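Asks: Mind folding the following:
(4 chains)
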Protein chains: 4
Amino acid sequence: MTELMTEKWRDVAHIGHAELLTPVPEESLRYFTSLLGLTVAAEGGGSWYLRGYGDYEPYCLKLTASDHAGLGHMAVRAWSPAALERRVGWLKSAGVSGSWVQPEAGKGPFFEFADPDGHPMRIYYETSKWSAPAGEPPAMKTNHQRYLGCGANVRRLEHVNLMARDVRACREFWDDGFGLRTFEIIRRPDGSEDGAWLSSTVQGHEVIYVRDYLGGAGRLHHLAFWVDSREDVLRAADLMNDAFVPIEAGPSRHIPIQGFYLYTREPGGNRIEICSGGYLGFDPDDNPVIWTSSEYAAKPGWGARLPSTFRNYGTPPVGAPAESDCSDWPAPAYLGQP
Amino acid sequence: MTELMTEKWRDVAHIGHAELLTPVPEESLRYFTSLLGLTVAAEGGGSWYLRGYGDYEPYCLKLTASDHAGLGHMAVRAWSPAALERRVGWLKSAGVSGSWVQPEAGKGPFFEFADPDGHPMRIYYETSKWSAPAGEPPAMKTNHQRYLGCGANVRRLEHVNLMARDVRACREFWDDGFGLRTFEIIRRPDGSEDGAWLSSTVQGHEVIYVRDYLGGAGRLHHLAFWVDSREDVLRAADLMNDAFVPIEAGPSRHIPIQGFYLYTREPGGNRIEICSGGYLGFDPDDNPVIWTSSEYAAKPGWGARLPSTFRNYGTPPVGAPAESDCSDWPAPAYLGQP
Amino acid sequence: MTELMTEKWRDVAHIGHAELLTPVPEESLRYFTSLLGLTVAAEGGGSWYLRGYGDYEPYCLKLTASDHAGLGHMAVRAWSPAALERRVGWLKSAGVSGSWVQPEAGKGPFFEFADPDGHPMRIYYETSKWSAPAGEPPAMKTNHQRYLGCGANVRRLEHVNLMARDVRACREFWDDGFGLRTFEIIRRPDGSEDGAWLSSTVQGHEVIYVRDYLGGAGRLHHLAFWVDSREDVLRAADLMNDAFVPIEAGPSRHIPIQGFYLYTREPGGNRIEICSGGYLGFDPDDNPVIWTSSEYAAKPGWGARLPSTFRNYGTPPVGAPAESDCSDWPAPAYLGQP
Amino acid sequence: MTELMTEKWRDVAHIGHAELLTPVPEESLRYFTSLLGLTVAAEGGGSWYLRGYGDYEPYCLKLTASDHAGLGHMAVRAWSPAALERRVGWLKSAGVSGSWVQPEAGKGPFFEFADPDGHPMRIYYETSKWSAPAGEPPAMKTNHQRYLGCGANVRRLEHVNLMARDVRACREFWDDGFGLRTFEIIRRPDGSEDGAWLSSTVQGHEVIYVRDYLGGAGRLHHLAFWVDSREDVLRAADLMNDAFVPIEAGPSRHIPIQGFYLYTREPGGNRIEICSGGYLGFDPDDNPVIWTSSEYAAKPGWGARLPSTFRNYGTPPVGAPAESDCSDWPAPAYLGQP
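Replies: Just a heads-up that it's a prediction; the model follows:
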């Protein structure tokens, strides 16, 4: 086991899905279907299971009615049955408690546990491959469903960004325990970290942690969905703008991973990103780029300045005034406006 | 008047709309709304009036049930009431008969006449400006309606391409009579022309004539709708492919005007282009680029070879075998296939 | 004459070029050739004449050594010899003094005059058409030179943005005197204007005026060069960032005309935009979109907030502290940094 | 070992570089630097070592003078020292002979061997990370060099396509021996394969084999270099067209992997692709998409038909007439033309 860990054997294949909680489920569903272009693959138990047109699995988003916004859980798919077994073994050896959860809507069983900040996590191997509905085959069998070009037309869930009181502990948890590679870190002089970007593939981010400056626990910063070009991110901004959905930031480019982004808030209050671009990291060596706080503050790359809510707001909110001051948003007139 | 003509005073402001005839109106309507993303602005008298999201007028396409496919008519908007009067005056002085047609769905009256090949044409000045439905204002008042991002999401009608037995006569008709500028010509050694590209603006084409090699009269080669980027043309190909709509040619680039194209056939049999790109022509001097037949045949620019139907097929068809041989199409399997 | 004016006869065909003054001519030249991708068409008298790859004329930028930064002059091409004569006649009838200037580098003679704010202007008809150097023909004769793909690879000068104490007077000067159409206006309650966007073609801007809040005279806000896609604007930001050229704003989208922009400062201190996108205006009627100050301040469209220098800085500077506070730039670390 | 193989442990991290042989080295070098935008990282022993702007290693192309065109060798980087050891162990256990080669220009040592068709291959772990030249740091430390935007501006080597008499044997060699995943296969009724697409990452191709219909041995079909958008592939076509470089196919889209392509011939005669797009494959299960010959021949996706040379021509040529008939190229006039 030790040797395998040293080599960063990639037992995790990719991010599988996220469960999002919303207090206004019908409105949130409309946002994800009409505006993001996801389709409902299954429904039940107060949840909808939604898929992007590029998902080989049945779904990448589980949307669940709740009394508050936030993350239900996040799930990653193991590379193989043996890999799943090894990861569960590691969790036990590391003293992380967890338990098995029954399959849902064609995926699972899942082993459920929590990261050091308390975010619910799942790992699974068993899954089913999506078949297009009868009578609606895509033209090419390399596609998983027909391309409909609806709304922002997102292809899949790309990454999950979580807030944490101890970013470093969370990063090391995924690195040590699951072999995710760290691509970039923002590190303070005291060794603590303001942000960390990890991935199980050559894509620069799949799991991200950013410091929870307001001291919440287990909060969600955002979910990000992928579109194939930066041009598509720009189109999404037109769409969101005319749907009077609040645009918190973008379109612009981040310094970390250089991803091109657009941030809106879905009706339930969760922050949702539409993203594209960013670099691929092929180097298997363990050498993340480390930004010192001052290097990062110097803003070495182009890209709009992020509004202050981007730093402070997460779901569920903690109730601090700093979370709701959107006076520096790109289009503030739209908050709460039809 | 003579002096004005010499100066190519642009009495025509832009192309206004086209009327398309279809023997399967419901299916054609579905193509234009679900796949092209046009919306119905008005309906009546066996026709639908459809608009792109960028149209400042109520519509750019009139879709009419008929026993055959083809062009109903094409309409251009005059620059001013006086310009309209001058053009009607020119038609009369040139011995071209015509008559006034009542307004339709917020445009008109129209003066209707025929070009030298017999295509019905209209010119008008009076029009109404589109107002978004109550409760659905776009975010910015420079937009004419909300951006919905549906399907290929075409912005407007960009050009009409007509087949003619005498391309040169048709070109000179628009040049002499209406001040359209000729951007490019394909000219044979005998002085006759295989194609001519004209426009009333800096955009390289608005009215195109190509030789009708099968000797039909008043036939339509295609209508072209604009999208904002070549990337959007590529996306449209995915969409059409998965909708099992026959793709006749493209995505690729034409030599004339360098426009980026995708050609499909709407269910009624009419050829429809989705286009973007192409150069703008700012030079007011009368100096079209003239391709000799051999220069053009040498294919000086990149771009896929066009299938033989592109040369032969128009609507309504004349019934020649050459019109229906689609063995060299990019995706022939889809003809008549669900 | 009166009737022609009423009809907005477009005697102006398009913007021809701008002369830019720079105190560091060699460095400015390097910026325009290596980074923007312009090429030198001619040289002489302390100036370089530079062209974009899409220019049909020999040049769109005259770069001239001077003791200060700013606009040398701006030139527009008349539609015809008679149109030139009419415009010169109008200037005389309006009491605007001017005089003829000898041809330069294949364009002219020019009639030179000043707009109400004192910016030097020229109008001309005679020009020469660019021929590619012997041995370097482009593949297609519709192109004016080979496509080299250098740097930001701008195609042509797209617009000139001028600061003025009385925006409205300047706008009316071009509208009344030259038939340019006004596309958008930002108007205060007192009827004065903060900005006006005019054009002689369907493209939304060619000549722009914005209020000179610091009360300078004849100052330049920026020159804008066109690239064919928003993707190319994004690429330009990478290029400028790595060349350590100060990025003042963007990439993002403006509300007026909806143009996608990137603003940098060339070494001489002049603000230069790389732009794409924006809507086309086909409606010939005289109905500009008028934003009230409060509508505009409400920021109805997405797009980054502009830094304060964007409002205050022009060339030549007037020496106010507000002109040089770049603390809210997207990448402030680069000012004066190698 | 057996267990590890069953799990497809990805001991290969990514493709490292290719060595290309050319009989006209100076001209080939000019093509790769001026047109593709690669830069020379090192030189020596009759070879140049060239890099894309995105390479973290010193080079992705070794260009070597030779009396014939073709592949010198292809190299893949192992995930770790232990992974390298395991792969060399597998080669020995499989009876594949090989030997160690000294480091070159900052990479290596390499273990060299041959695939079943005789193409020289190398695997290595040791490498050096590229440092930008002193005084030319990129603005962001996540970039490996400055972004210069030269020519087609390729980022890196993306894949190598090799011709083979027995595609299946070659595919199984990489799959069994190196854990590369097979994404797609074109399979004949007799079980033999016409094409196979393999990768060590989520990107759909890195190593491709296609049938050598003319029965050559160890031949190269093409090298492919990556650009970040399909728009950039289209730009590259303009560039190549004006440089009078022969364009064999594209821009268009392949059915396998759905990659967007442009094929030109570098002066030495080797076929070079500029590519972008294509899907990512996240599913770790061993379930390639298998096209039957007839499914593939039915052309289920849009995209131009490939010219016959695309099937027949490889380097070095075997001398068959079918290799040189370029009558169906998109721009045949340019072969051998200045």
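Asks: I'd like to know how many residues surround residue A:235.
Replies: Using other C-beta atoms under 10 Å in any protein chain shown, residue A:235 has 27 other residues around it. From N, CA and C alone the C-beta is placed, and that goes for glycine too.
Asks: Within the helices and strands, which one has it?
Replies: helix A:230-242 (DSSP states H and E).
Asks: repeat for residue A:15
Replies: strand A:12-22.
Asks: Number of residues surrounding residue A:30?
Replies: 14.
Asks: leaving aside the residues next to it on the chain, what's closest to residue A:328?
Replies: Nearest residue to residue A:328, sequence neighbours excluded (C-beta to C-beta, 6 or more residues apart in numbering or on different chains): residue A:307, at 4.4 Å.
Asks: thinking the one you found is in contact with residue A:246, fair?
Replies: No - using C-beta atoms under 8 Å as the test, residue A:307 is too far from residue A:246 to be in contact (11.1 Å).
Asks: which residues are in contact with both of the two?
Replies: Residues touching both residue A:307 and residue A:246 by C-beta atoms under 8 Å, 6 or more residues apart in numbering or on different chains: A:326, A:329.
Asks: Grab the nearest non-local neighbour of residue A:90.
Replies: Closest to residue A:90 by C-beta to C-beta, 6+ apart is residue A:177, at 5.1 Å.
Asks: got it, and residue A:174?
Replies: residue A:180 (4.4 Å).
Asks: Run a quick neighbour tally on that neighbour.
Replies: 23.
Asks: Surely it is in contact with residue A:198?
Replies: Yes - the pair residue A:180 / residue A:198 is scored as a contact, 4.2 Å apart, by C-beta under 8 Å.
Asks: Mind listing the shared neighbours of those two?
Replies: Shared contacts of residue A:180 and residue A:198 (C-beta under 8 Å, 6+ apart): A:174, A:206-207.
Asks: Please produce JSON lines containing these, extended by neighbour count and distance to residue A:67.
Replies: Output for the shared contacts of residue A:180 and residue A:198, formatted as JSON lines (neighbours: other C-beta atoms under 10 Å in any protein chain shown; distance: C-beta to C-beta, whole Å):
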{"residue": "A:174", "neighbour count": "24", "distance to residue A:67": "29"}
{"residue": "A:206", "neighbour count": "24", "distance to residue A:67": "29"}
{"residue": "A:207", "neighbour count": "25", "distance to residue A:67": "27"}
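Asks: which one among the residues you listed gets closest to chain B?
Replies: Of all these, chain B sits closest to residue A:206, with 25.5 Å by C-beta to the nearest C-beta.
Asks: The host helix or strand of residue A:251 and chain C, any residue contact?
Replies: Element membership of residue A:251, judged by DSSP H and E, is strand A:247-253. Yes - remark: strand A:247-253 sits within contact range of chain C at A:247, A:250-253, by C-beta under 8 Å from any C-beta of the partner chain.
Asks: Which of these has the largest number of neighbours?
Replies: residue A:251 (31 neighbours).
Asks: and that one, how far is that from residue A:184?
Replies: 21 Å (C-beta to C-beta, to the nearest Å).
Asks: circling back: helices and strands around the strand holding residue A:251, which ones?
Replies: Packing contacts for strand A:247-253, counted by 3 or more C-beta pairs under 8 Å, 6 or more residues apart in numbering or on different chains; DSSP states H and E, involve helix A:230-242, strand A:259-265, helix A:308-312, strand C:247-253.
Asks: nearest to residue D:278, of the ones you listed?
Replies: If you check each of those against residue D:278 by C-beta to C-beta, helix A:230-242 wins as the nearest, at 16.0 Å.
Asks: Which positions in the closest one come out as buried?
Replies: A:230-242 (16 or more other C-beta atoms under 10 Å in any protein chain shown).
Asks: Check stretch A:86-93 too.
Replies: In stretch A:86-93, counting by 16+ other C-beta under 10 Å, buried: A:86-88, A:90-91.
Asks: Over to stretch A:30-49?
Replies: Neighbour-count burial for stretch A:30-49 [16+ other C-beta under 10 Å]: A:31-39, A:41, A:47-49.
Asks: Over to stretch A:77-86?
Replies: Neighbour count says stretch A:77-86 has A:77-80, A:83-84, A:86 buried, by 16+ other C-beta under 10 Å.
Asks: For it, C-alpha coordinates in PDB please.
Replies: Listed next in PDB are the C-alpha coordinates belonging to stretch A:77-86 (Å, rounded to 0.1, in the frame of the first residue of the first chain):
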ATOM      1  CA  ARG A  77     -15.800   7.200  -9.300                       C
ATOM      2  CA  ALA A  78     -13.000   4.700  -8.500                       C
ATOM      3  CA  TRP A  79     -10.900   3.300 -11.300                       C
ATOM      4  CA  SER A  80     -11.800  -0.300 -10.600                       C
ATOM      5  CA  PRO A  81     -13.400  -2.500  -7.900                       C
ATOM      6  CA  ALA A  82     -10.000  -3.100  -6.400                       C
ATOM      7  CA  ALA A  83      -9.300   0.600  -6.400                       C
ATOM      8  CA  LEU A  84     -12.500   1.200  -4.500                       C
ATOM      9  CA  GLU A  85     -11.500  -1.400  -2.000                       C
ATOM     10  CA  ARG A  86      -8.100   0.100  -1.600                       C
END
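Asks: who are the neighbours in contact with the residue nearest to residue A:174?
Replies: With C-beta under 8 Å, 6+ apart, residue A:180 has these contacts: A:12, A:174, A:198-200, A:206-207.
Asks: Those residues in strands, which ones?
Replies: The strands, defined by DSSP state E, take in A:12, A:198-199, A:207 from the contacts of residue A:180.
Asks: Closest one of those to residue C:265?
Replies: Residue C:265 lies nearest to residue A:199 out of those, by C-beta to C-beta, at 36.9 Å.
Asks: Quick check on the closest residue to residue A:166 other than its chain neighbours: phi, psi?
Replies: What sits nearest to residue A:166 in space, not counting adjacent residues and going by C-beta to C-beta, 6+ apart, is residue A:116, at 6.3 Å. Phi and psi for residue A:116, reported as degrees, to the nearest 10, are phi -60, psi -20.
Asks: what's the helix or strand that the strand holding residue A:15 is followed by in contact with?
Replies: Next along the chain after strand A:12-22, taking DSSP H and E as the criterion, comes helix A:25-30. Helix A:25-30 is contacted by residues A:20, A:22, A:40, A:46, A:48, A:63-65, A:266-268, A:270 when judged by C-beta under 8 Å, 6+ apart.
Asks: any chance of those in JSON lines, with distance to residue C:290, secondary structure and pLDDT too?
Replies: Output for the contacts of helix A:25-30, formatted as JSON lines (distance: C-beta to C-beta, whole Å; DSSP: H, G, I helix; E, B strand; the rest coil; pLDDT from 0 to 100):
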{"residue": "A:20", "distance to residue C:290": "42", "secondary structure": "strand", "pLDDT": "98"}
{"residue": "A:22", "distance to residue C:290": "40", "secondary structure": "strand", "pLDDT": "98"}
{"residue": "A:40", "distance to residue C:290": "44", "secondary structure": "strand", "pLDDT": "98"}
{"residue": "A:46", "distance to residue C:290": "50", "secondary structure": "coil", "pLDDT": "94"}
{"residue": "A:48", "distance to residue C:290": "45", "secondary structure": "strand", "pLDDT": "98"}
{"residue": "A:63", "distance to residue C:290": "43", "secondary structure": "strand", "pLDDT": "98"}
{"residue": "A:64", "distance to residue C:290": "47", "secondary structure": "strand", "pLDDT": "98"}
{"residue": "A:65", "distance to residue C:290": "46", "secondary structure": "strand", "pLDDT": "98"}
{"residue": "A:266", "distance to residue C:290": "35", "secondary structure": "coil", "pLDDT": "97"}
{"residue": "A:267", "distance to residue C:290": "33", "secondary structure": "coil", "pLDDT": "97"}
{"residue": "A:268", "distance to residue C:290": "38", "secondary structure": "coil", "pLDDT": "97"}
{"residue": "A:270", "distance to residue C:290": "38", "secondary structure": "coil", "pLDDT": "98"}
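Asks: which residues touch residue A:36?
Replies: A:151-152, A:154, A:225, A:272, A:274.
Asks: what's the closest non-adjacent residue to the residue of the stretch 101-250 of chain A found nearest chain C?
Replies: For the stretch 101-250 of chain A, the residue closest to chain C is residue A:237, as judged by C-beta to the nearest C-beta, at 4.5 Å. Among residues not flanking residue A:237 along the chain, residue C:302 sits closest, at 4.5 Å (C-beta to C-beta, 6+ apart).
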